[in-house]
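Visitor: Predicted coordinates and the sequence they were generated for:
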Amino acid sequence: MSALPSIRLGISSCLLGEEVRYDGGHKRDPFLVQTLGPMVEWVPVCPEVEVGLGTPREAIRLVRDPKDPAEVRLMTGKTGVDLTKQMRGYARTRVRALAREGLSGYILKKDSPSCGMARVKVWRDQGMPERNGRGLFAAELLRQYPNMPVEEEGRLHDPRLRENFIDRVFMYRRLRALLSSRWTIGDLIRFHTAHKLALMAHSPQGYREIGRLVGEAKGVPRAELMRRYEDELMSAMAKPATRARHTNTLQHAVGHFKQTLDQASRQELASVIEDYRHALVPLIVPLTLIRHHARRLNVSYLLGQRYLDPELKELMLRNHV
Ligand code: SF4
């Protein structure tokens, strides 16, 4: 397969420092701009500016519809203008157009009535707001691209969630590259084999179920196979790779050395994995040791695993989990 294009991520514009907020300010996020920024191509979108509200503008908020409590409306705070129809119409068209951008993921601004992914304040006529809303643009994004990795900037400050998100971005990018090519069942099997350990670290159940789907691939119509493989893989990858799951995956990887690894090296690996399990060393330590032995002993299954060859090493994601 030819080299993959660079990683393109959609992002709420204000997170890059663009002065597009209602008060004319921004919400520049140093990690996104300085650390992740040089490694990706951003596709910035400010729904409120693009829908024509201008900057500065009256603050807007989500409000529970008093006539239909299942409905949430987007309203200006002081003047009470209903922008729901306008924003929904814009979001449908704009999000559809993002298909041409080749996005591998999206980072949204938390708490925004347009961009917030979860726990956005929803106001009522009286009393305190509930924190159970979703911004209208974010809702449309998640509806049209249910498998694309999407996160809020606040959650990316947590090293574990950050590692999970980047893992999913790479998986999605490689998967979309495969499924948009003239792939064969053999290509799908090779892709799946290379991602087995990564999948196991996120969801052992997904690992078993998707393995069954790939095993039966020849008997499944192509369009259905493609849809089910993408749905099941990305929803398994959305489950967080915990320390316990990483530990199981590392132990499984060691099993592939069979008799080739000498007793002392085997004991050393077991002890490093145990140290990882007790949070005494970061994940990068057992991964590096396994990779070292896999190269030395030429264990082709392990050498082909994306799990052992983390991308974006500069982010040092596995030094912190
Ligand atoms: S949160 Fe979204 S709508 Fe609000 S300023 Fe940022 S990009 Fe624009």
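Guide: Looks like it came in fine.
Visitor: Spell out which residues of the stretch 1-150 of the chain are next to the ligand.
Guide: Within the stretch 1-150 of the chain, the residues that sit near the ligand (C-beta under 6 Å from any ligand atom) are 12-14, 20-21, 46-48, 109, 112, 114-115. In short, each C-beta sits where N, CA and C put it, glycine included.
Visitor: And this protein, what are its domain boundaries?
Guide: 8-157, 159-237, 256-319 (automatic domain parsing).
Visitor: As JSON lines, those domains with distance to residue 250 would be great.
Guide: Converted to JSON lines, the domains of the chain look like this (distance: least, C-beta to C-beta, whole Å):
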{"stretch": "domain 8-157", "distance to residue 250": "24"}
{"stretch": "domain 159-237", "distance to residue 250": "9"}
{"stretch": "domain 256-319", "distance to residue 250": "5"}
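Visitor: Include neighbour count, secondary structure and pLDDT when you put the residues of the stretch 1-150 of the chain next to the ligand into TSV, please.
Guide: Shown next, in TSV, are those (neighbours: other C-beta atoms under 10 Å; DSSP: H, G, I helix; E, B strand; the rest coil; pLDDT from 0 to 100):
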residue	neighbour count	secondary structure	pLDDT
12	30	strand	98
13	23	helix	98
14	25	helix	98
20	25	coil	98
21	20	coil	98
46	22	coil	98
47	25	helix	98
48	27	helix	98
109	23	coil	98
112	26	coil	98
114	28	coil	98
115	29	coil	98
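Visitor: Among the residues you listed, give me the pair with the biggest separation.
Guide: Using C-beta to C-beta, these span at most 12.1 Å, a distance reached by 21 and 47.
Visitor: which phi and psi does the nearest residue to residue 299 once chain neighbours are set aside have?
Guide: In this structure, residue 299 finds its nearest non-sequential neighbour in residue 256, 5.7 Å apart by C-beta to C-beta, 6 or more residues apart in numbering. Torsion angles at residue 256 (phi, psi; degrees, to the nearest 10) stand at phi -80, psi -10.
Visitor: Show the pLDDT at residue 256.
Guide: Looking at residue 256, its pLDDT reads 95.
Visitor: how near is it to the ligand?
Guide: Computed as C-beta to the nearest ligand atom, to the nearest Å, the residue 256 to the ligand distance reads 46 Å.
Visitor: which residues touch the residue in the stretch 201-321 of the chain that the ligand sits nearest to?
Guide: For the stretch 201-321 of the chain, the residue closest to the ligand is residue 238, as judged by C-beta to the nearest ligand atom, at 22.9 Å. Residue 238 is in contact with 149, 168, 202, counting by C-beta atoms under 8 Å, 6 or more residues apart in numbering.
Visitor: What's the first helix or strand after the host helix or strand of residue 292?
Guide: Using DSSP states H and E, residue 292 maps to helix 284-296. Proceeding C-terminally, helix 284-296 gives way to helix 300-303 as the next helix or strand, assigned by DSSP H and E.
Visitor: gap between residue 271 and residue 98?
Guide: 48 Å (C-beta to C-beta, to the nearest Å).
Visitor: More neighbours: those two, which one.
Guide: When neighbours are counted by other C-beta atoms under 10 Å, residue 271 and residue 98 differ, and residue 98 comes out ahead with 18 against 11.
Visitor: any idea how far the more buried one is from residue 148?
Guide: According to C-beta to C-beta, residue 98 stands 9 Å off from residue 148.
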